[in-house]
Structure formats: structure tokens, C-alpha cells
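Engineer: A predicted structure for the sequence below; I have some questions about it.
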Amino acid sequence: MRASFKAKIAGVAVAALAFGGMAAMAAPSANATTFNCVFSNGCGALHGVNAVGTPVAVDAKYKNPAEEAIGYPDLSGDSATNVALVAHQSKSFGTLADTAVQAFLTHRTATDCPAQVTNFTSSNPSTATPAAGTTFSHASATGVASAVISSGNLVVTVTGTGNGSVTVSNTSANGDCTVVDSVALMASSGNVTSQVESQDVITSVTSANNNVTGSVTFNANSSPAIAATESNLPPGLVSGQPLTPGSATPGTYNDLGLTVTDAQGASVTGTFDLKVTGHHVAVSGPVFYTIVFAKNGFWSSDCLTAVGAGKLRFSPCTLGHNPAQRFYAFSGSVPVTANILGGGTYSFRNAAFGFMEDASQNTSPLTPQNDLADSILPGGRQLDVNGTGPIQANELWIWGP
């Protein structure tokens, strides 16, 4: 199969295409391109070979009122009507992009935070037992003190003279609250002379919505520098501090999980509601083509259009808004961008009706035949869009200079 086709891509004339037309004149081949078409913006002919091995083209006999597109041989000097190819970038709107996430109704749900452990150093060594249901999870000490957790209890030992400190983490029975109890002490010859006890506990959790970045930062009363972990988030959001926009479906999500932990290790669980705002993002889809009628080499506003039952007609162009005017170039089973100037074999499929093919497989299009005879099947030489796949020779086409 061989083509003589200069293309106009996305409706923009390119100088190289005009040079391609001149090259075609210097090395003539069987083509239906008229003199006017060679020197106009990118019109030409689409060519293929049908199932019986004879040429067939998208060249059209413009018949009013039916305006039927009839495929027939592209013979040199036959002054056939020309067509032009225009590429369009299709768009898909299936991708979501969040504009902002906004938290509200943030709650600290823990109500059973352990009470402060006192008298860490009532004796030496001293043993502190956690309250019923609570658990000591971590202990540390500095200076003249040492601390370990043994059999679930806190064991503190003081040696020498000087300052020391002890801290222990204590977690509630259901794990929704961890407090950090501590004592700062002074000792003389292993005896505690003074001590100050304190407890780090998160009593409230708040959220701050950033109107610039669209993110949410969670804070606690005990420390502004906290870690936050969110759970049960909608798909498209990732837990973090701050919680940032992603690709979640816009809407309001209630009772999402939240755990905040302060710099000292105290933590508490909670819930919050989240409002997600966003929009769909257009992404590039496969290139599709409209085939424009160019009678005697002059562009028109009519495009090749599938009208059902496999038939093709020229109807007013819609820039591809009408699916019946969209044609995709397939390489195998994949829609691709056709290498128009460099050649390449493709099957062309209409978005609504199927692959383009020669409807008159058993009739040689080389035999002269009038328009009326060409318009009547099965003997008429016509193109249709009833093809089910790129499996026959008459469904393969070459576009080139």
C-alpha cells in the first residue's frame, strides 16, 4: 500500500508539509491529488489495498443530498476529490486533584488517661506499681538515679550524691491514652533529699487549616510540636503531619481516626471530620483524527461522518465533538499517533461504529463505474465502518507524503 497525503495537524499549516507536496510532484506516483490540493494546506488522499489486492481510497464522490463517501481507485490524473487529515488531542477527566482538606469537629476521645504515679522514690530501691489495667511501657533515668521495668513494675534506685531524674510512660487499659510521669530529685549519699513530680498528658487536640497550602496541622495542648497519624482516610489521601491534599473524591468524611503524640511521648487518640474540595483534571488521551472534505483540492467545512449501518457521509465538522467524526489510528490493538509524513501502516477505527474498510471486496474498483452504480451495494465501490478488527488487508492503510 502506498499513500500520497499531506497532513494538516491540529488545524495548523506547517511549511514542511508544503515541501512534502512538492516532493510528491517531483517523484509522481499513483495519486488523486489535484494541482490545487498540492499547493493548498495539507490535503491529499488516504490509500489502501482491498481484500482482492486492488487499490481503494477515501477519495469521495460528493453526492447531494446523500453526500456519500465512496472509496475507489486512486488513479493518476483522475481528478478525484481529496480529503485532509486533522489531528486532535483528546482529553480524559477521570483524574482527581484535591484543592484543600479542612478538618473540623476534632475530638480527644480518651477519658481514662492514667493518674499520676507518685512517690517514685519512697524508699531505695523503690518499686511503683501501675494502676489496675494500666501498663508501664518505657522508663529512663539520668544522674544519680537508674530505672527499669521489672515484672510490670517500675524499680528506681538512687546512688551517690547529686541530681537525678526518672521518667516512665504509662498507658491506659484500652491503649487510647499514654501519659509520661516524671520526677526530678536531689540525693545525698544515696538518700533522696527532695523531689518534684509532674505529669505530661494531652488534654485537648485542635486542628489548624492552612488556607494557602490547603493542608491541616494538628496540635495538642501540651506541645505545639507533635506527630499526628490519621486513619480511615478516603482513598487518595496519605496520613501525615500536616495532612496534605491528594486525589481523594471531594466530599465530607466523618469520624476519621487520629492519634497525636507530643515531644515528650504522651499520646492520645481522637476523631475528626474532614472536608475535601477538589476538581477533575484533564489528562491527555489518544490522538484522534477528523477527515475533512476537500473538493478539487480546496478545504471545506464538511467531515467524513459515520451515519450507521456502516455508511459514511460528509456532514458539517464538529471538531470531533461528534464521535461519528472521530477516527483513531491503531497499530495492532493500540491507538497511536500516526506517523503521517513518514509512512506507517495503520487500521483506522471510528469512535462509534468500527474499523474503516472497503465494503465492495468482490468488485474490482479499477473498473470504471458511474456514481449511481458506486452508491449501491454489493457492487458499488464504497467504504464503510463495519470492520471489527485489524485482521484483513482491506482494513490497513498507509498515510505518507
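Structural biologist: Done, it's in.
Engineer: List phi and psi for residue 287.
Structural biologist: phi -70, psi 140 (degrees, to the nearest 10).
Engineer: again with residue 325
Structural biologist: phi -110, psi 0.
Engineer: What count of nearby residues applies to it?
Structural biologist: 27 (other CB atoms under 10 Å). The C-beta positions use only the backbone N, C-alpha and C, and glycine is treated the same way.
Engineer: Could you pull up the residues touching it?
Structural biologist: The contact partners of residue 325, by CB atoms under 8 Å, 6 or more residues apart in numbering, come to 290-291, 303-306, 315, 317-318.
Engineer: what about residue 268, which helix or strand?
Structural biologist: strand 267-294 (DSSP states H and E).
Engineer: next one: that strand to chain centre, how far?
Structural biologist: Taking the mean of its C-alpha atoms, strand 267-294 sits 7 Å from the chain's own mean (CA atoms, centre = their mean, to the nearest Å).
Engineer: helices or strands next to that strand in the packing?
Structural biologist: Strand 267-294 is packed against strand 82-108, strand 177-188, strand 205-209, strand 216-220, strand 251-261, strand 302-306, strand 327-331, strand 334-336, with contacts defined by 3 or more CB pairs under 8 Å, 6 or more residues apart in numbering; DSSP states H and E.
Engineer: Give me the contacts around the fifth one.
Structural biologist: For strand 251-261, the external contacting residues (CB under 8 Å, 6+ apart) are 106, 178, 202, 205, 218, 220, 226-234, 267-276.
Engineer: Pull up the pairing partners for that strand, direction included.
Structural biologist: Applying DSSP bridges, strand 251-261 is found paired with strand 227-231 (antiparallel), strand 267-294 (antiparallel).
Engineer: Could you say which one of those strands comes nearest to residue 119?
Structural biologist: Closest approach to residue 119 among the strands paired with strand 251-261 (CB to CB): strand 267-294, 24.9 Å.
Engineer: relative to strand 302-306, how tilted is that closest one?
Structural biologist: 110 degrees (axes from the mean of the first three to the mean of the last three CA atoms, to 10 degrees).
Engineer: Among the contacts of strand 251-261, the buried ones, what's the PyMOL command?
Structural biologist: In PyMOL, this line selects whichever of the contacts of strand 251-261 come out buried by 16 or more other CB atoms under 10 Å:
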select buried, resi 106+178+202+205+218+220+226+228+229+230+233+234+267+268+269+270+271+272+273+274+276
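Engineer: Measure how buried residue 251 is and give me the count.
Structural biologist: Neighbours of residue 251 (other CB under 10 Å): 11.
Engineer: any idea how far residue 283 is from it?
Structural biologist: Between residue 251 and residue 283 the computed distance is 22 Å (CB to CB, to the nearest Å).
Engineer: any low-confidence regions in the stretch 101-250 of the chain?
Structural biologist: For the stretch 101-250 of the chain, the stretches flagged by pLDDT under 70 are 222-225.
Engineer: again, 80 this time
Structural biologist: 109-110, 118-121, 222-225 (pLDDT under 80).
Engineer: where exactly do the strands run in it?
Structural biologist: 126-128, 135-143, 145-150, 153-158, 162-171, 177-188, 191-200, 205-209, 216-220, 227-231 (DSSP state E, counting those that start in this stretch).
Engineer: which other residues reach the fifth one?
Structural biologist: This means strand 162-171. Surrounding strand 162-171, the residues in contact under the criterion CB under 8 Å, 6+ apart are 114, 117, 120-121, 128, 130-131, 134-145, 147, 149, 154, 156, 158, 177-187, 265.
Engineer: now the angle from that strand to strand 267-294?
Structural biologist: Counting by the same axes, to 10 degrees, strand 162-171 points 60 degrees away from the direction of strand 267-294.
Engineer: Relative to the whole chain's centre, how far out is stretch 197-215?
Structural biologist: On CA atoms, centre = their mean, the centre of stretch 197-215 falls 33 Å from that of its chain.
Engineer: tell me the SS of the nearest residue to residue 344 once chain neighbours are set aside?
Structural biologist: Distances taken as CB to CB, 6 or more residues apart in numbering place residue 338 nearest to residue 344, at 6.3 Å, with adjacent residues excluded. The three-state label given to residue 338 by DSSP: H, G, I helix; E, B strand; the rest coil is coil.
Engineer: residue contacts, residue 338?
Structural biologist: Here residue 338 is in contact with 287, 289, 329, 344, 346, 399 (CB under 8 Å, 6+ apart).
Engineer: which one of the residues you listed has the most neighbours?
Structural biologist: Counting by other CB under 10 Å, top hit in the contacts of residue 338: residue 399 with 28 neighbours.
Engineer: element containing residue 372?
Structural biologist: Residue 372 belongs to helix 371-374, assigned by DSSP H and E.
Engineer: Over that helix, what's the mean pLDDT, rounded is fine.
Structural biologist: Per-residue pLDDT over helix 371-374 has a mean of 76.
Engineer: tell me which residues in it are buried?
Structural biologist: Those would be residue 374, for helix 371-374 by 16+ other CB under 10 Å.
Engineer: ditto for stretch 232-251
Structural biologist: Within stretch 232-251, the residues that count as buried by 16+ other CB under 10 Å are 233-234, 237, 241-246, 248.
Engineer: low-confidence ranges in the stretch 301-401 of the chain?
Structural biologist: In the stretch 301-401 of the chain (pLDDT under 80), the answer is 338-345, 358-382, 387-401.
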